[in-house]
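Q: 3D, please:
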Amino acid sequence: MSRAVDIAPPQRFRLRPLVLSLWTTVLAVALLVICVVGSRALTVPEILHFRGTLVPERESREVLLPADVPLKDTLVSEGEEVLQNQKLAEIDLDRLRPKIEMLQFAVLLNATRRDCLLNQEKLEEYDLAAMDLDGQARLEMQTALRECRLLHQEHQLARRQLLQKRDQLRQNAKHLMLQTLPEGPEPAETRALRRAVQLQRFETAARAMELQLGALATRQDQALVEQVKSLRAEITQQEALLDRLEPFLKRQWLRAPKPGVIDRLRLGPGPHLFASDVVLMRLNSRHLPRLTTEVSVPATVAKRLQEGDKVYFRLAGLPLSAPTAPGYISAKEGIAADLAAPQQSRLTLLLDPVAVEDSHERRRLISHLAAFDGPSSVEIHLPDTSLLNLLAGASRRFSPAGRPIETVVTTIH
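A: Below is the predicted model:
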């Protein structure tokens, strides 16, 4: 009995599932790379939200009473509200005019002294000009010219005395050379040598006189230069003071540069005069309708912000349909933090309703700000960031409960 043999074909290796699996893996990796690259390349706007209290922007200015400006009286009192260009104090012109005239004559007198020291040939010219002056001015000018003339005469006399001594030495040497050798017991060679020594002494003394003349001329010139420098410095100071005082002859009043409230009035009524600038009063100005607030942000966020970047305010009490009020970042500064706390930066935000383009909304916003008091929502629009950075930062800006972390805002008083 024969046994049947089952002859089955050998099983082939299936390549198709492996290829499909490989292609699926490649497509998944390619899709992941595309998502990562796309998330980095795709930029979206990022907005930070804060709440804070807006307060009117204020500015304090000092009203100065310049040095040597006589004050007749103050016209305002502390706590008084003033308008722009309102009179604050009165200048005493009756005391100011004589002072300016004295300064003008002092400049003329010092300029005359300076020119006379540099060039004595102008003395006669200035003598004639002094005759046109009156009273005390003529006397002071003539006295200054007389002193200048005496100084030049003293210098000339000192030089003349040295010149006379030098000439006398040279005359003695010449006379000695013309003399014949005197008779005596000494040999002729000895007598000739003695006379040569005497001639050499005369010549040495004459050269020493020449050196003294040069040194004297140098000292006299240096003294004149120092006096001229001193006079020029005085003229410069006097002209600078004239430049400060003369404008007050045309404006008799100190006026308010801006509207505000008088604070810290330093001087009471009555005449005053000081040798240096004095703060007469302080003027606190309120810039309506501009308001400011401050917010704290992480230093990593602050790096992406610059002064002048836009922010938007949504004020409490206005309907949600009302447009946001535009503003900008007016200041940025770092905040010292503990080692355990992240580095923070403080931003000063400024609201400027005048920048609202729609006139109706602008008037409505300004009228609302006049009675506005309370917290307000603030949006800071950061520069566009990548989608990947935005998703990575979302976990840091959200609490475990999934709600945005609210930044505490410092209130300005």
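
Q: Tell me the helix or strand right after the longest strand along the chain.
A: The longest strand of the chain (DSSP state E) is strand 278-298. Note on strand 278-298: by DSSP states H and E, the next helix or strand toward the C-terminus is helix 299-302.

Q: still on that earlier bit, same question for the longest strand of the chain: list its buried residues.
A: By 16 or more other CB atoms under 10 Å, the buried positions in strand 278-298 come out as 278, 280-283, 285, 287, 289-295, 297-298. In short, each C-beta sits where N, CA and C put it, glycine included.

Q: Could you check how far that strand is from the centre of its chain?
A: Distance of strand 278-298 from the chain centroid (CA atoms, centre = their mean, to the nearest Å) equals 21 Å.

Q: who does it pair up with?
A: strand 55-65 (antiparallel), strand 260-263 (antiparallel), strand 344-351 (antiparallel) (DSSP bridges).

Q: so of those, which one's packed in deepest?
A: Mean neighbour count, computed with mean count of other CB atoms under 10 Å, is highest for strand 344-351 among those, reaching a mean of 20.

Q: For that one, which outside residues touch it?
A: Strand 344-351 has contacts (CB atoms under 8 Å, 6 or more residues apart in numbering) with 52, 54, 57, 290-299, 301-302, 305, 311, 313, 325-335, 337, 378, 380, 410.

Q: where are the low-confidence patches of the protein?
A: Within the chain, the stretches with pLDDT under 70 are 1-16, 18-19, 33-47, 57, 176-184, 268, 286-289, 317-318, 336-342, 370-413.

Q: 50 instead?
A: Low-confidence segments of the chain (pLDDT under 50): 1, 5-6, 13, 39-41, 384-413.

Q: show me where it has helices.
A: 16-41, 93-118, 123-130, 135-178, 188-245, 299-302, 359-370, 387-397 (DSSP state H).

Q: Out of those helices, which gets nearest to His272?
A: helix 93-118 (10.8 Å; CB to CB).

Q: so what's Val295 bridging to?
A: Here Val295, judged by DSSP bridges, has bridge partners Leu347.

Q: Would you format the strands paired with strand 278-298 as JSON lines with distance to Ser367 included?
A: Listed next are those as JSON lines, based on distance: least, CB to CB, whole Å:
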{"stretch": "strand 55-65", "distance to Ser367": "15"}
{"stretch": "strand 260-263", "distance to Ser367": "22"}
{"stretch": "strand 344-351", "distance to Ser367": "15"}
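
Q: Quick check: which of those strands is nearest to Ala206?
A: strand 55-65 (66.4 Å).

Q: relative to helix 359-370, how tilted is that closest one?
A: Relative orientation of strand 55-65 versus helix 359-370 (axes from the mean of the first three to the mean of the last three CA atoms, to 10 degrees): 80 degrees.

Q: for strand 55-65, the distance to its chain's centre please.
A: So, by CA atoms, centre = their mean, the centroid of strand 55-65 is 19 Å from its chain's centroid.

Q: and what of stretch 216-233?
A: On CA atoms, centre = their mean, the centre of stretch 216-233 falls 36 Å from that of its chain.

Q: Can you list the buried residues in it?
A: Buried, per 16+ other CB under 10 Å, within stretch 216-233: Gln220, Gln227, Leu231.

Q: Just send these back as a markdown table, with distance to Cys148 too.
A: Putting these into a markdown table (distance: CB to CB, whole Å) gives the following:
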| residue | distance to Cys148 |
| --- | --- |
| Gln220 | 14 |
| Gln227 | 10 |
| Leu231 | 11 |
